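Enquirer: please find the sequence and the predicted model below.
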Amino acid sequence: MKAQLRVIALLLFVTLFASAQEKGIIQGKITSADGYPLKEIVIKLAKGAYTSETSKDGTFRFENFPVGTHTLIIEGEGLKKQSKEIKVTANTVTNVSFTLQENIESLQEIVIIFKGSTNKKKENVLSGLTLKPMDIPQSIQIIGNDIITQQQAIRLSEVIKNVNGAYIGSARGGAQESVWSRGYDMTSNNMFKNGFRFSGGSIPEVSSLEKVEILKGSAALLFGNVAPGGIMNMVTKKPSFEQGGEISMQAGSYAFYKPSIDIYGPLNSYIAYRFTGSYENSESFRNVVKKERYYINPSFLFKVSNKTEIVLQGDYLHDNWTPDFGTGIIGKEIVALPRSTYLGATWSNGQTRQSSVSGLVKHEFNKDWKLNFNTSFQDYNRDSKGTERIQPAANGNWSRPLGQNRNLEQIIGQQINLQGCFTTGKVKHQIFTGVDFENSYVQAYTFTFSPTTYGSGSILDFANFDQGGAIPDATNTKIVKTDTNRFGIYAQDLISITNKFKVLAGLRWSWQESVAETTDFTKTPVTITEDQTRIDQAFTPKIGLVYQPTADMSLFASYSNSFTPNTGTTVDLKVIKPSIIDQYEAGIKKDFWKGLFSTNVTVYQITNSNLAQTAEFKADGSNNTDSSIKVLSGETTSKGIEIDLTARPIEGLSINAGYSYNDMRYTKTSGLNRSFIEGDRLARTPANTANMSFFYTLQSGVLKGISIGAIGNYIGQRVGGWNNQIVIDSKTQVQTINDREIPLSDYTTIDVSAGYEWGKFSLLCKLSNVANTLNYTVHENYSVNPIAPRQVLTSLKYKF
């Protein structure tokens, strides 16, 4: 049974005795041919605003339906014609049910999107695109709300555990979590929310997410200036014309508690709403560290007509947190302090405020052509003050450096895109074309303290550490304001030459303008300096070949590239061009037993063959000692393989597993002073990662409603710190190595859960890090944060 089918049913109104002012209710249930209830089936009446969606048990409901006798006819290819005559009476409920067969095609008035029974693979597609995963010559992974709920995910890092090859590379200061994939950081320019670039300087809220989409490899065609490892798009829950909701309470170790609410429904026949919100308060396994978060996400859906709808959404997060730079490193060894030891000043504090408003207008010209317009405004503000970098001397002595930070960012984005299907002869085209614009305005404040440190002593004897005196004041010495404009125009076409041979071709032109202005308060008078305006532009093509010998198998190969702007100048003091990064990818996607078992195997190579490096000579031929004067002569190469397995062998059981191998190295360096070493693996890039999870809910019998689950993750050996550098003595020309790499061991974590669902209530308990494994995420050499120990989390939920 296909995981997503479209049905159009012809509803013939034969009104015998009706009054235009009288209404009734139609409700019913839709099941598959094998008797399973079909959830998430969207039913839309072409004439009028009647829209419904089946719930988990397959039921649907139409409010305010015209009274009278109506004949419902459902027909389509592979579907035996069904005809039912129903009589709708004023102020009464009329019940009707349907059993759907396979291979349902389009009819004409009611659209039913069939997403499969609960033991069948769900056919996921990326937001904004209508392409099937089998047709995309690229690896994608979508983590739905069902998995997020089953695993009781609190942080995005917990959701990422389900993504093959993705991992948390660092957690600098405890303020953010950096997600890496294929050797590249995905957190800065590569993080999106509802299709718009999202500031990675915060820890996102998970409770409002409908799904998290991971598009691995180059996504520059659709998203512009992004790193080639992949992009992550967080999609929030949307309003629904079906009335419902849930309230929940989560409580766990270290005084953690989090109440949340999610309510949705119609305001009338044309307007639906949704409101999600949560409050979180907790201590930590780390002494002193605390967290308090407030979050709301209201949204409204307006059915302007049967072809046009508008979605308006707001999002606000207020996060109070404690800066935590973890433990220390002496030489190449992480100091074996108790996991709970907090080395910072007890008054250290941080605050993040992040808000956004967005609007989406969707219009269907007909079944083949659609137009979308998106607009968004985001405001980000992060302040922190406390002691920072933990870099003790060889004997453990350390004077705590003070630091205060303030970062502000405002992002305005607009997108318009057109999707359409047409044929030229026997060749089918599915085009996706659009234009996008984004303005980012960033302000970074620099502060100084006098004195510059607060307390001193040995971290090896922290009980006798001088904790300092009064909280010092900081002076704002500098503000750097950076204004960046991005513009892109793109077109993509999936060309189906035959049912088996397809070509995906696309091209994007990106333009980026950036200028920085520095206000220096240390000078008299205060100076304001504007840097040279930097303009980058690049074409980013994509070409992919797809061969589908059968409907459940796809072999693909693709080429794409992306660009990364560089800092500095060329030897003749001109703005240096962006680096162009090439990616090659090939793989096979295969479904077995009608989607009960699926595999995805991908191999890839990402090459940055014009990596910016310090130039050896200046324009006049003299030796260059200025690191801002560069040439595009270096190279990095990331290559690897990813294997994904998904199984739904029986009703109520889901299994996911993945293995990834990545080899990310410097493959060409200049060999000059301070250059990296050719052949060296890049820091924070483990060669091996793996994940596996299962979740099973009993569907019948005395134990019906009981569930069990587990997830395991493996992160391989890697290096922290910085990559080693060549050091050449300017007088003797003797070459040595600046050894800066910190070896980190591999580790495995396992979480287990159990729960019970009865009626509208559900209870779920999780024991995370069962073996109490100890390991670290390392940012450079000064934020060495231990992973969380064994903890308990319990969730009680009521649905209505």
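Expert: It's in. Residues are numbered from 1 along each chain as shown.
Enquirer: figure out how far stretch 559-569 is from the centre of its chain.
Expert: 22 Å (CA atoms, centre = their mean, to the nearest Å).
Enquirer: I'd like the next helix or strand past the helix or strand containing Asn600.
Expert: Per DSSP states H and E: Asn600 is located in strand 597-614. Downstream of strand 597-614, the next assigned helix or strand under DSSP H and E is strand 630-647.
Enquirer: now that next one: buried residues?
Expert: Across strand 630-647, burial judged by 16 or more other CB atoms under 10 Å covers 630-640, 642-647. Where C-beta positions appear, they are placed from N, C-alpha and C, glycine not excepted.
Enquirer: any weak-confidence spans in the chain?
Expert: Applying pLDDT under 70 to the chain flags the ranges 1-22, 32-36, 39-53, 56, 64, 70-84, 100-129, 616-617, 621.
Enquirer: pop the domain breakdown of it in here.
Expert: 5-114, 138-236, 244-511+524-799 (automatic domain parsing).
Enquirer: gap between the second one and the chain center?
Expert: How far domain 138-236 lies from its chain's middle: 3 Å, per CA atoms, centre = their mean.
Enquirer: could you do the last one as well?
Expert: Per CA atoms, centre = their mean, the displacement of domain 244-511+524-799 from the mean C-alpha position of its chain is 7 Å.
Enquirer: picking up where we left off before, which of the domains of the chain sits most buried?
Expert: domain 138-236 (a mean of 23; mean count of other CB atoms under 10 Å).
Enquirer: longest single strand anywhere in the chain?
Expert: Looking across the chain with DSSP state E, the single longest strand is strand 397-424.
Enquirer: and the helix or strand following that one, which strands flank it?
Expert: Sequence order places strand 427-448 as the next helix or strand after strand 397-424, per DSSP H and E. Sheet pairing here is set by DSSP bridges, and for strand 427-448 it gives strand 397-424 (antiparallel), strand 475-496 (antiparallel).
Enquirer: could you give the angle of the following helix or strand past strand 427-448 to strand 397-424?
Expert: Moving toward the C-terminus from strand 427-448, the next helix or strand (DSSP H and E) is strand 453-458. Relative orientation of strand 453-458 versus strand 397-424 (axes from the mean of the first three to the mean of the last three CA atoms, to 10 degrees): 110 degrees.
Enquirer: elements contacting strand 453-458?
Expert: If you count contacts as 3 or more CB pairs under 8 Å, 6 or more residues apart in numbering; DSSP states H and E, strand 453-458 packs onto strand 397-424.
Enquirer: again, only this time at 10 Å
Expert: Here strand 453-458 touches strand 369-387, strand 397-424, going by 3 or more CB pairs under 10 Å, 6 or more residues apart in numbering; DSSP states H and E.
Enquirer: and Arg182, which of these is closest to it?
Expert: With CB to CB as the measure, strand 397-424 is the member of those nearest Arg182 (25.4 Å).
Enquirer: what's the angle from the closest one to strand 369-387?
Expert: Going by the same axes, to 10 degrees, strand 397-424 makes 180 degrees with strand 369-387.
Enquirer: apart from its neighbours in sequence, what residue is nearest Lys174?
Expert: Just to correct that, residue 174 is Gly rather than Lys. Asp324 (3.8 Å; CB to CB, 6 or more residues apart in numbering).
Enquirer: assign that neighbour to helix, strand or coil.
Expert: Secondary structure, DSSP: H, G, I helix; E, B strand; the rest coil: Asp324 is coil.
Enquirer: can you say which helix or strand has the most centrally placed residue in the chain in it?
Expert: With distances taken as CA atoms, centre = their mean, Met232 lies nearest the centre of the chain, 3.2 Å away. With secondary structure defined by DSSP H and E, Met232 is part of strand 230-236.
Enquirer: and that strand, which strands flank it?
Expert: Using DSSP bridges, the strands paired with strand 230-236 are strand 191-193 (parallel), strand 209-216 (antiparallel).
Enquirer: for the following helix or strand past it, packing partners?
Expert: Downstream of strand 230-236, the next assigned helix or strand under DSSP H and E is strand 244-252. In terms of contacts (3+ CB pairs under 10 Å, 6+ apart), strand 244-252 is packed against strand 256-266, strand 271-282, strand 761-768, strand 791-799.
Enquirer: mind putting the ones you listed in JSON lines, distance to Gln243 included?
Expert: Output for the helices and strands packed on strand 244-252, formatted as JSON lines (distance: least, CB to CB, whole Å):
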{"stretch": "strand 256-266", "distance to Gln243": "4"}
{"stretch": "strand 271-282", "distance to Gln243": "9"}
{"stretch": "strand 761-768", "distance to Gln243": "19"}
{"stretch": "strand 791-799", "distance to Gln243": "12"}
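Enquirer: just to revisit the earlier point, want to throw the helices and strands packed on strand 453-458 into a markdown table with distance to Phe694?
Expert: Shown next, in a markdown table, are these (distance: least, CB to CB, whole Å):
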| stretch | distance to Phe694 |
| --- | --- |
| strand 369-387 | 37 |
| strand 397-424 | 36 |
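Enquirer: and Pro204, which of the ones you listed is closest to it?
Expert: Using CB to CB, the helices and strands packed on strand 453-458 put strand 369-387 closest to Pro204, at 11.7 Å.
Enquirer: dump the closest one to PDB, restricted to CA.
Expert: The C-alpha atoms that make up strand 369-387 are tabulated as PDB, following Å, rounded to 0.1, in the frame of the first residue of the first chain:
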ATOM      1  CA  TRP A 369       0.400  24.600 -10.200                       C
ATOM      2  CA  LYS A 370       0.900  26.200  -6.800                       C
ATOM      3  CA  LEU A 371       2.300  29.500  -5.600                       C
ATOM      4  CA  ASN A 372       3.800  30.100  -2.100                       C
ATOM      5  CA  PHE A 373       4.800  33.400  -0.500                       C
ATOM      6  CA  ASN A 374       6.600  33.400   2.900                       C
ATOM      7  CA  THR A 375       7.700  36.300   5.000                       C
ATOM      8  CA  SER A 376       9.400  36.300   8.400                       C
ATOM      9  CA  PHE A 377      11.000  38.600  11.000                       C
ATOM     10  CA  GLN A 378      13.200  37.300  13.800                       C
ATOM     11  CA  ASP A 379      14.800  39.100  16.700                       C
ATOM     12  CA  TYR A 380      17.600  37.500  18.700                       C
ATOM     13  CA  ASN A 381      19.200  38.800  21.900                       C
ATOM     14  CA  ARG A 382      21.800  37.000  24.000                       C
ATOM     15  CA  ASP A 383      23.600  38.400  27.100                       C
ATOM     16  CA  SER A 384      26.000  36.600  29.500                       C
ATOM     17  CA  LYS A 385      28.300  37.600  32.200                       C
ATOM     18  CA  GLY A 386      30.700  35.500  34.300                       C
ATOM     19  CA  THR A 387      34.000  33.700  34.300                       C
END
